[in-house]
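[1] fold the following for me, if possible:
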Amino acid sequence: MDPRTVLVIYTGGTIGNDCVENGGFAPGNDERFKECLRQRWQYLNIPFVANRTDENGPVFLTSWSHTEESVILELRILIYPTLLNSSEMDFAHWMRIAQDIKKYYTDFQGFVVLLGTDTMAYVASALSFIFENLAKPVVLTGSQIPIFRPGSDGFNNFKKAVLVAGTLKIPEVTICFNDKLFRGNRARKRNTTSFDAFESPNFPPLAVFSGNKRLCGAVQKRLLLEAGIGKELTLCTENNAATADVDVDVLHIFPGITKNVMEHIPSALILRSFGVGNVPLIVCQTLDSELWRGNTLVVNVSQCEEGGVIPECDVRTELENIGVVPGGDITFEAAFT
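    Numbering: from 1, shown residues only. Okay, here's the model as predicted:
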């Protein structure tokens, strides 16, 4: 069998974190991370090699014969020189990940991105909108406990993500975590400590992996996006450098909100409204003023985790009449990106 190649892009995050003097964690070094992977692969009787073959390119990790899926996987890892906590990642880092995937797109069957969990839903949402004509799996994962520590969820998440990227034909950006596979722009982090850290409140998981069931049998194929087969992968922001400079603000509606809260006029605003999209009358009146109207893209997103904005009753209709875009059941992370 010809091996299926998977590129692992290691950007940082808890999965490779080291302990620091104050008892917390900080981004670790790539050599310790590779050594930990070496030990785990050898524990599974899988040969592991981590010699750098190209100073500026991916490092060969291992060739893995996975009998359950009847494939041979060849893993290579691209380690960023500066490993980041996910809270430090912004638009420029998201674009770098996208550009690296495009750079190696024809060389690999699938891609795994290792990063921190705190902003993983933002990165997944952003990549899902950046890529156009995607025909290969791009799987994001990480862990709640560093892979070096006993009881870590890191290796299981890593292994499952690699299997998804290398054996399944899922042509979209996903998050693989705790044996579940979510559409990237439908997921959000729900828990700060549990291994079951992510959820998709308004869209079912693309797959739930359990027991000895084959991975391909767990995938809900009816939910998958259509692959951009035969079309060139493009990045929708390549010709729009100004995108990174958009002034996005968030207005979290609360009882008794006043006009003074809305003094700043950004170029884009996410309105976090009550329930199915309701806001106090003062918010409608302010958005309909000469200063606001037509100067700001406003998207109405519910504060509720499930359900969404339903443009049917008086207040929500008034918001639409002044140009506010109803966000439906979109997540906040997807609305922002």
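[2] make it CA atoms for all contacts and neighbour counts henceforth
    Noted.
[3] partner strands of the longest strand anywhere in the chain and their direction?
    Longest strand of the chain, by residue count under DSSP state E: strand 71-84. Strand 71-84 has the following strand partners under DSSP bridges: strand 4-12 (parallel), strand 59-66 (antiparallel).
[4] which of those is buried the deepest?
    strand 4-12 (a mean of 24; mean count of other CA atoms under 10 Å).
[5] now do the contacts for the residue lying closest to A187 once chain neighbours are set aside.
    Residue nearest to A187 in three dimensions, not counting chain neighbours: S200, with 4.5 Å by CA to CA, 6 or more residues apart in numbering. Shown in contact with S200 (CA atoms under 8 Å, 6 or more residues apart in numbering): F182, R183, R186, A187, R188.
[6] got it, and G323?
    By CA under 8 Å, 6+ apart, the contact set of G323 is R293, G294, V298.
[7] and what of S65?
    Contacts of S65 (CA under 8 Å, 6+ apart): V71, I72, L73.
[8] roughly how far does the first one sit from S63?
    Right, the one you point to is V71. Distance from V71 to S63, counting by CA to CA, to the nearest Å: 10 Å.
[9] overlap of the contact sets of those two?
    What both V71 and S63 touch, as defined by CA under 8 Å, 6+ apart, is the set P3.
[10] output the below-cut-off pLDDT ranges for this protein.
    1, 18-32, 41-56, 67-69, 211-213, 238-245, 311-316 (pLDDT under 70).
[11] 80 instead?
    The chain contains residues with pLDDT under 80 at 1-2, 17-57, 59-70, 211-214, 228-230, 237-246, 311-317.
[12] residue furthest from the geometric center of it?
    E290 (37.5 Å; CA atoms, centre = their mean).
[13] quick one, helices of the stretch 1-150 of the chain?
    Remark: helices assigned in the stretch 1-150 of the chain by DSSP state H, counting those that start in this stretch are 30-43, 91-103, 120-130.
[14] to Q109, which of the ones you listed lies closest?
    With CA to CA as the criterion, Q109 lies closest to helix 91-103 of the helices of the stretch 1-150 of the chain, at 11.1 Å.
[15] by contact count, what packs against that closest one?
    helix 120-130, strand 234-235 (3 or more CA pairs under 8 Å, 6 or more residues apart in numbering; DSSP states H and E).
[16] tell me the most buried of these?
    Taking mean count of other CA under 10 Å, helix 120-130 is the most buried of those, at a mean of 25.
[17] got the angle between that one and helix 91-103?
    50 degrees (axes from the mean of the first three to the mean of the last three CA atoms, to 10 degrees).
[18] what comes into contact with helix 120-130?
    Residues contacting helix 120-130 (CA under 8 Å, 6+ apart): 86, 94, 98, 140-141, 172-175, 184-189, 235-237, 333-334, 336-337.
[19] circling back to that earlier point, can you select the buried ones from the contacts of G323 in ChimeraX?
    In ChimeraX, this line selects whichever of the contacts of G323 come out buried by 16 or more other CA atoms under 10 Å:
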select :298
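[20] with secondary structure added, can I get the contacts of G323 in a markdown table?
    Formatted as a markdown table, these follow (DSSP: H, G, I helix; E, B strand; the rest coil):
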| residue | secondary structure |
| --- | --- |
| R293 | coil |
| G294 | coil |
| V298 | strand |
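[21] excluding its backbone neighbours, what's nearest A227?
    A135 (4.6 Å).
[22] equivalent analysis for R40, please.
    Counting by CA to CA, 6+ apart, the residue nearest R40 is F155, at 7.8 Å.
[23] where's the one you found relative to P146, distance?
    For F155, the distance to P146 - CA to CA - is 9 Å.
[24] what about the two, which has more around it?
    P146 (24 against 20; other CA atoms under 10 Å).
[25] for the more buried one, phi and psi?
    Here is the backbone geometry of P146 (degrees, to the nearest 10): phi -50, psi 140.
[26] renumber starting at 113 from here on
    Let's use 113 as the start, then, which means that last one is P258.
[27] so who does it touch?
    Neighbour list for P258: T126, I127, G128, N129, D130, S264, D265, G266 [criterion: CA under 8 Å, 6+ apart].
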